[in-house]
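Q: coordinates only, sequence not included:
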């Protein structure tokens, strides 16, 4: 009974700390909200709104009543075949509550982040024998980063994965997942659930645990399919270890097959999607050229906890070490290796890698401190302090991006974080009067926001979601160039069945042009008989593409 009361107190502590931590991650967003000028639209995002706008576009489709999704950032006709239960659920929640999509998005981030942290503590209770070590492992997971703060992304210096313009990997850094992305939080939570429950099932023979592991794998396979690769590798490696050491028998193999069978429909569905030829699926597949940087950069980005985790993994082979330690050692080794599989999304396979690293680091601290709570807390606190700087610098840079409205990344076609009143009003006008099937031609900065704010398709709005993105932004450049013949512009819009053209008379249209053409770029739609101006505010105008019969002679 005292042991049960002690475990309850532990979980209450973890639940309270996780809740406070997730609330603290809201501070940069509140800062961004406080910076918002009257009438301006704040995306509710940090640094890279292009990725989050994809998720918001899926939520918008669900909020509009669709169960299956299409890619709203590309112009090709689609059947709408994609099912993702996470974004479907969040979109339906927004539909029922009438809450703005960014609010629902952040509520999901808070809940998924809290679940992730609680799963980390649950796993720590099965590995670490002292409360002090569990708490250090828990806090280290939530806050740790590596040596990226000591380098710069220029001058031939190393580019670690935890800090640097365009090089940050939220997949591998838990703090960044908690700060930025509900999908990553939910996915890593499911990864921990599958691996931990499957290990329990193999050792205890529990069909109930196998059922829960299989259901978690089914959901994971739907919302973030490639995370099943490291999960399957770690789970099967642990099963092989248990069989070879005769810690389990044939029942464990049956349970493993049962778990795989439960997850199989999600894998089969994704395989069918890849073979369907759906343009949105093709765009995402061929556009995900996200390769891992070299192993030394990954190691530098994981930092001191990674070095200590190697010691913890070495200790796990000692006689008498708990099997869970070996499970985490397998996760560490296989997770690091899988990040270099010859696939275009290999960097994504580092997701969740910090979980075994931080818990193994706490295990090593516990062993070196001879289970002295005081020593574990002192050394663990020092390790956490030394592992914080990259995340601190990242937040500082994110706040600077809010102040500058992302103008530092215009050359990389990164959308702004705030939309001017005329830009926001134009998208809201399209939301009220346009149709979901309409195709909008505009610069990719506003094209990033059009699917979620205007509820319509954008001709070009995202580097990987837009099929043939480079070709399409080149076509956009030609369309807005001063020397392009009006007949050529009209033919372009007719061929692609464009519904509306949005002109933003600012740098956002001319940035797509080569420097020599930018000063002369001046497209005046008023002279085009096939365009009808339907909205005008300050520097933004919306034109409807009228049919040939409607166009005046």
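A: In hand now; what should we look at? Since we're looking at a predicted model, the values are computed, not measured.
Q: now residue 279: closest residue in space that isn't a chain neighbour?
A: residue 76 (3.8 Å; C-beta to C-beta, 6 or more residues apart in numbering). Quick note: C-beta positions are derived from backbone N, CA and C, even for glycine.
Q: what ranges do the strands span in this protein?
A: All strands of the chain, identified by DSSP state E, fall at 41-42, 418-419, 439-441, 457-458, 500-504, 531-537, 540-545.
Q: so for residue 219, what's the pLDDT?
A: On pLDDT, residue 219 comes in at 98.
Q: you'd agree it is up against residue 88?
A: No: using C-beta atoms under 8 Å, residue 219 is not in contact with residue 88, being 11.8 Å away.
Q: between the two, tell me which one has more neighbours.
A: The neighbour comparison of residue 219 against residue 88 (other C-beta atoms under 10 Å) goes to residue 88, with 21 against 18.
Q: who touches the more buried one in this structure?
A: Neighbour list for residue 88: 58, 62, 67, 69 [criterion: C-beta atoms under 8 Å, 6 or more residues apart in numbering].
Q: any idea how many residues pack against the spatially closest residue to the first one that is not a sequence neighbour?
A: To tie it back to what came earlier, the one meant is residue 58. Using C-beta to C-beta, 6+ apart and skipping the chain neighbours, the partner closest in space to residue 58 is residue 87 (3.8 Å). The tally of other residues near residue 87 (other C-beta under 10 Å) stands at 25.
Q: could you list the low-confidence segments of the stretch 101-250 of the chain?
A: 152-156, 165-167 (pLDDT under 70).
Q: go again with 80.
A: Where the stretch 101-250 of the chain drops to pLDDT under 80, the residues are 152-159, 164-168.
Q: in it, which spans are helices?
A: Remark: helices assigned in the stretch 101-250 of the chain by DSSP state H, counting those that start in this stretch are 101-125, 131-143, 174-180, 182-204, 207-223, 228-244, 250-276.
Q: of the ones you listed, which is nearest residue 358?
A: Nearest to residue 358, of all the helices of the stretch 101-250 of the chain, is helix 131-143, at 4.1 Å by C-beta to C-beta.
Q: which strands and helices lie in contact with that closest one?
A: If contacts are counted by 3 or more C-beta pairs under 8 Å, 6 or more residues apart in numbering; DSSP states H and E, helix 131-143 sits against helix 2-24, helix 101-125, helix 174-180, helix 354-368, helix 373-386.
Q: recalculate using a threshold of 6 Å.
A: Using 3 or more C-beta pairs under 6 Å, 6 or more residues apart in numbering; DSSP states H and E as the contact test, the elements touching helix 131-143 are helix 101-125, helix 354-368, helix 373-386.
Q: what's the angle from the shortest one to helix 131-143?
A: If you take axes from the mean of the first three to the mean of the last three C-alpha atoms, to 10 degrees, helix 373-386 sits at 10 degrees to helix 131-143.
Q: over to the first one?
A: Taking the same axes, to 10 degrees, one finds helix 101-125 and helix 131-143 inclined to each other by 150 degrees.
Q: so how far is helix 101-125 from its chain's centroid?
A: 14 Å (C-alpha atoms, centre = their mean, to the nearest Å).
Q: likewise for the second one?
A: Averaged C-alpha coordinates place helix 354-368 at 26 Å from its chain's average position (C-alpha atoms, centre = their mean).
Q: what does it contact?
A: Contacts with helix 354-368, where a contact means C-beta atoms under 6 Å, 6 or more residues apart in numbering, come from 124, 127-128, 130, 133, 136-137, 140-141, 144, 174, 305-306, 308-309, 311-313, 315, 325, 328, 331-332, 376, 379-380.
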